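*Asks:* how would this look folded up:
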Amino acid sequence: MNFFRDAVMADYFAGGFDGEGELLTLVHGQLSTQAARELRARLQRVAEDFARQHSLDQKLAEHEKRPYSMVLGMRSWLFEHFRHLQRNAKSC
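*Replies:* As a prediction, this is how the structure comes out:
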């Protein structure tokens, strides 16, 4: 993962993500710890499904395939520039 961060990430995210079969999305929200654990498990299954599909498609001719990479990330995070907008927990 360090190699991706150091040498690949800027190149990867420089693309438009607007080609056939491509997607880039960011979703922000608040989840319980339990819901975050469950979502993490589902995302892990998506990654496993991607790897499984890659294996299944190895039997196809090269002209029938395109290289794809998938990055999944989920973390407890608030954009630094929005921290000053965060409500104080005592005032809620």
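*Asks:* looking at the chain, which helix is longest?
*Replies:* The residue-count maximum for a helix in the chain (DSSP state H) belongs to helix 33-57.
*Asks:* show me the contact partners of that helix.
*Replies:* Contact with helix 33-57 is made by 31, 64-65, 70, 72, 74, 76, as judged by Cβ atoms under 8 Å, 6 or more residues apart in numbering. Every residue, glycine included, has its C-beta placed from N, CA and C.
*Asks:* and that helix, how far from the chain's centre?
*Replies:* Helix 33-57 sits 11 Å away from the centroid of its parent chain (Cα atoms, centre = their mean, to the nearest Å).
*Asks:* any idea how many residues pack against residue 40?
*Replies:* 13 (other Cβ atoms under 10 Å).
*Asks:* how about the helix or strand residue 11 falls within: buried residues?
*Replies:* In the assignment (DSSP states H and E), residue 11 maps to helix 9-13. Buried residues in helix 9-13, counting neighbours by 16 or more other Cβ atoms under 10 Å, are absent.
*Asks:* give me the mean pLDDT for that helix.
*Replies:* Here helix 9-13 scores 94 as its mean pLDDT.
*Asks:* quick one: that helix to chain centroid distance?
*Replies:* Relative to where its chain is centred, helix 9-13 has its mean C-alpha point 13 Å off (Cα atoms, centre = their mean).
*Asks:* who's in contact with that helix?
*Replies:* Helix 9-13 is contacted by residues 4, 24, 69, 71 when judged by Cβ under 8 Å, 6+ apart.
*Asks:* residue nearest the middle of this protein, spatially speaking?
*Replies:* In the chain, the residue lying closest to the centroid (Cα atoms, centre = their mean) is residue 72, at 2.4 Å.
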